[in-house]
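**Student:** Predicted coordinates and the sequence they were generated for:
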Amino acid sequence: MSIKIALAGNPNCGKTTLFNALTGSNQFVGNWPGVTVEKKEGKLKGHKDVTIMDLPGIYSLSPYTLEEVVARNYLINEKPDAIINIVDGTNIERNLYLSTQILELGIPVIMAVNMMDIVEKSGDKIYVDKLSKKIGCEVVEISALKGTGIQKAAEKAVALAQKNKTSIPVHEFTKDAEDIIERVEDKLVGVVPDAQRRFFAIKLLEKDDKIQDQMNTSVDVSKEIAEMEEKFDDDTESIITNERYTYISSIIGECLKKDRKEKLTTSDKIDKIVTNRWLALPIFAAVMWLVYFVSVTTVGDIATGWANDGVFGDGWHLFGIGTASYTEVADEYTDAETIVNGFLDYESEQGVDVESVQTALDSEADDYDPAAAKAALTEFATTISDADTATYSVVDEETMADEEVTSTGADFQEAVATMDKYDYTAPDPADYGVWIPGIPVLVENVLDKVGCAEWLRGLILDGIVAGLGAVLGFVPQILILFIFLAFLEGCGYMARVAFIMDRVFRKFGLSGKSFIPMLIGSGCGVPGIMASRTIENERDRRMTIMTTTFIPCGAKLPFIAMVAGAIFGGASWVAPSAYFLGIAAIICSGIILKKTKMFAGDPAPFVMELPAYHMPTIGSVLRSMWERGWSFIKKAGTIILVSTIAVWFTTYFGVMDGKFQMLSEDQIDYSILATIGKAICWIFIPQGWGNWQATVASVTGLVAKENIVGTLGILYGGGDASVYATMGAAFTAVSGYSFLAFNLLCAPCFAAMGAIKREMNNTKWFWTAVGYQCGFAYLVSLVVNQIGGLFTGAGFSIWTIVAIAVIVAFIYLLARPYKESQTLNVSVKTSRAK
Amino acid sequence: MKTLREVACGQTVTVKKLSGAGPVKRRIMDMGITKGVSIYVRKVAPLGDPIEVTVRGYELSLRKADAEMIEVE
């Protein structure tokens, strides 16, 4: 016979630790259907037929928070065979409040009083026998962290489930209240199962708006409610809550003996410093800086570089040994090459015929021969004297910026000597340290060996392997970030982050905890979105997911630099303005969205427990890190892979010379993507950049934002003028900024979209988020171009009117009044557990 | 009538009455702030809101706007 046992308890009571201890690695982590609440189940160690369900941490069974609705629907509908109610022994009074509600459900309950080791250490004493008698179920003492008592608790729960003996609540309210409850219970005979009558009776009296869904027949209790409210001069909901706490207060004296001495605990001492009026902000800034510094700037950057350029690039040095010396010689060689090529370009411009030398030096040609290169260059070098100078332009690979450089003949001779030193062959990283080739290189070798068709080779290398790289390349950074977040959550500081930042963020409908996703999002949106998981309230969480990527991430920086350089002549205000734009977009979106129907629907009181500080275990931190990293791979992987392949296909295939064929990188003009771009670029006419090049670049930016630079480099390059000059001519300052604004605010890269899909856990919400981002970007860039155009003399048109209408609507949406809802608008399905 | 909002840091007060209704009130009560319970106001957040109180032996933070619903003496 299979048995289902549910774990129920308050947040921060050690429920997850107990769950991990009971199930070990035998877990299934997912989401409750359609909502962002995490769902965990596992098999009890040593009992294959016992399923343990970890319910969300809750304080009550009210109808107002998503977690509570999820938990109670599960308990009512799925009727687990037993409930283990975990109670934090150090905070027993409030924890028992939930217990009084759980005991009314008509399910066998066993109470596990957790953190007994801390209770004993503090000198307090809990009288388990008395507690058991007063609460009406068996009570065991455990320490989930130390592993004591948990086996006993599990065995008792299994035995209880097998006996199927319902726990009968023994707590009593005042007589007046009990009489009324009893009368409602009598009305429910035959309507709901006998054991659940008290639960339903109380919920009906509380005017719970979600309880009717759970009942087949409706029962009218308005008379009883009116009577109760009159007798107690309060609303029924408050009366019942009061009664519960009154009962707990009446028994707590017998069950718990507190150590008399009022002394400061370690946690109190830490808190005195950490959330001190003056020190809180500097400490907060320091913690955030550390998180950012490690997970984005240093270790995270190295890990991402390793994953993207190493494992999914050319290859990497084992333990990094040899990287430094290789980089040094590689740079030396590249610099020498740049000077030599620059000189050749310059001479060629002066009318000297150097074509044969250039051909001989083309190291990318298939028939490149170092000996021939040496001969050709040595001969050419004799014509250059030390006093000669050459001016040529050098293009930065990342931003496509070009720079005029002047070198002397002496530099040239030195460069020739350097190339001579390396025998006219670029240094091979495999000669330095232990070189491990990247996956694309390995795959390429295999494909070359089997003589694979060109298109299939492209599909595998540029489509599938690159797509996999896009998925897995983010994983190391996500793992590093989640070590931090799991630690901050586990030790209790995360709640203080919300406490400190609440005042700022609640103004625009976000949680204080939204700060971390936004901060991380300035490095990379993918872990930024994943970090929103730490926000408890679903509304805040969804809003944070939708707005986090407005902050320019690291991949957008080369693009910003390109626009600043090519269109704004390198103006220094462009980059900071991108950040201001992002922050403004978050603030405005927050205010607008919080007033929309879809968000105003949920009440979000900020009444939050600040749990005691404690050191999380390494195991729990690592487990949380791994679960989140894995869920990203699993849930976000497919969408990233498929869309990367789709964009690869449309970029590298098209009709050229009258036939459909595979294209090389610089033939993108003929690609399917270019055709699509030409067909749809009119959409962006009001934005001022309705040309297909900008449209195509925006699409390739969806694969990865830095691709915009590469694509524009190809599309605007190739002519006589530099990429920057051509691009500068194609855009005005106004349309250029509109183009920048659109690409900063529109849907992020596929990887981030995958993360959004994973975190929203709901197709409708995923499309809402992406649709909102694109729509917002479209309107902002439209306004930038039209209003900017007015001031720069572009004249008045129908689009100007549209832009003004957008602004008016925008101000209205920002300023309109709104009222927080009093009910939770969500339907939670509880499908039967797998 | 004095509300929790006006209580200075370091003071202990007793709850007399809770005004308001709906989710916020229920949540406040669920967290253990009910009639007759004593509340110690520990501190105010560095930006001036919310506040942190000790109630029923644990730390709770709530916004000043919500603290206004709690009448104390």
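**Tutor:** Received, thanks.

**Student:** all strands for chain B, in order.
**Tutor:** B:12-18, B:38-44, B:51-55, B:58-62, B:70-72 (DSSP state E).

**Student:** Please identify which of those is closest to chain A.
**Tutor:** strand B:58-62 (4.0 Å; CB to the nearest CB). From N, CA and C alone the C-beta is placed, and that goes for glycine too.

**Student:** mind showing which ranges of the stretch 151-300 of chain A have poor pLDDT?
**Tutor:** A:260-263 (pLDDT under 70).

**Student:** I'd like the distance between residue A:523 and residue A:563.
**Tutor:** 20 Å (CB to CB, to the nearest Å).

**Student:** So for those two, which residue has more residues nearby?
**Tutor:** Set residue A:523 next to residue A:563 and count neighbours by other CB atoms under 10 Å in any protein chain shown: residue A:563 wins out with 28 against 22.

**Student:** show me what contacts the more buried one?
**Tutor:** When contacts are counted by CB atoms under 8 Å, 6 or more residues apart in numbering or on different chains, residue A:563 touches A:574, A:736, A:737, A:739, A:740.

**Student:** Pick out the most distant pair among those residues.
**Tutor:** A:574 and A:739 (12.0 Å; CB to CB).

**Student:** which of these two has more neighbours?
**Tutor:** Each of residue A:574 and residue A:739 has its neighbours counted (other CB under 10 Å); residue A:739 has more, 29 against 19.

**Student:** related to what we said a few turns ago, among the contacts of residue A:563, name the ones in helices.
**Tutor:** A:574, A:736, A:737, A:739, A:740 (DSSP state H).

**Student:** From what I see, the third one and residue A:783 are in contact.
**Tutor:** Read that as residue A:737. No: applying CB atoms under 8 Å as the test, residue A:737 and residue A:783 come out as separate, 11.1 Å apart.

**Student:** Report whether residue A:41 is found in a strand, as I expect.
**Tutor:** Yes: counting by DSSP: H, G, I helix; E, B strand; the rest coil, residue A:41 is part of a strand.

**Student:** Distance of residue A:341 relative to residue A:418?
**Tutor:** When residue A:341 is compared with residue A:418 (using CB to CB), they lie 13 Å apart.

**Student:** what's the model's confidence in stretch A:429-438, averaged?
**Tutor:** Averaging pLDDT along stretch A:429-438 yields 84.

**Student:** Just the terminal-to-terminal distance for that stretch.
**Tutor:** 12 Å (CA to CA, to the nearest Å).

**Student:** And the contacts of that stretch?
**Tutor:** Counting by CB under 8 Å, 6+ apart, A:309-323, A:325-326, A:329-330 sit against stretch A:429-438.

**Student:** Kindly report the same for stretch A:538-546.
**Tutor:** A:35-37, A:66, A:509-511, A:513-514, A:517-518, A:529, A:532-533, A:535, A:589-590, A:593-594, A:599, A:601-602, A:604, A:756, A:759-760, A:765, A:768-769, A:772-773, A:826.

**Student:** So which residues on the stretch 601-750 of chain A come close to chain B?
**Tutor:** A:603, A:605, A:606, A:607, A:608, A:609, A:610, A:611, A:612 (CB under 8 Å from any CB of the partner chain).

**Student:** will you turn those into a markdown table that also has secondary structure and pLDDT?
**Tutor:** Below are those laid out as a markdown table (DSSP: H, G, I helix; E, B strand; the rest coil; pLDDT from 0 to 100):
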| residue | secondary structure | pLDDT |
| --- | --- | --- |
| A:603 | coil | 60 |
| A:605 | coil | 72 |
| A:606 | coil | 82 |
| A:607 | strand | 88 |
| A:608 | strand | 89 |
| A:609 | strand | 91 |
| A:610 | coil | 92 |
| A:611 | coil | 90 |
| A:612 | coil | 89 |
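
**Student:** Out of those residues, which is nearest to residue A:171?
**Tutor:** Nearest to residue A:171 out of these is residue A:609 (CB to CB; 22.8 Å).

**Student:** Excluding sequence neighbours, find me the nearest residue to the closest one.
**Tutor:** residue B:60 (5.9 Å; CB to CB, 6 or more residues apart in numbering or on different chains).

**Student:** Looking at strand pairing, list the partners for the one you found.
**Tutor:** On the basis of DSSP bridges, residue B:60 is bridged to residue A:609, residue B:53.

**Student:** was I right about it contacting residue A:606?
**Tutor:** No: at 10.8 Å, residue B:60 does not count as touching residue A:606 under the criterion of CB under 8 Å.

**Student:** biggest helix in the chain, by residue count?
**Tutor:** In the absence of a named chain, this looks at chain A. Every helix in chain A considered (DSSP H), the longest is helix A:618-652.

**Student:** was after chain B, sorry
**Tutor:** Max-length helix for chain B by DSSP H is helix B:22-30.

**Student:** what's the angle between that one and strand B:51-55?
**Tutor:** 50 degrees (axes from the mean of the first three to the mean of the last three CA atoms, to 10 degrees).

**Student:** buried stuff in helix B:22-30?
**Tutor:** Across helix B:22-30, burial judged by 16 or more other CB atoms under 10 Å in any protein chain shown covers B:22, B:23, B:24, B:25, B:26, B:27, B:28, B:29, B:30.

**Student:** hmm, back to that, for the longest helix of chain A, list every residue counted as buried.
**Tutor:** So for helix A:618-652, counting by 16+ other CB under 10 Å, buried means A:620-621, A:623-625, A:627-629, A:631-633, A:635-637, A:639-641, A:643-652.

**Student:** what do you get for stretch A:452-472?
**Tutor:** Buried-residue list, stretch A:452-472, by 16+ other CB under 10 Å: A:452, A:457-463, A:465-472.
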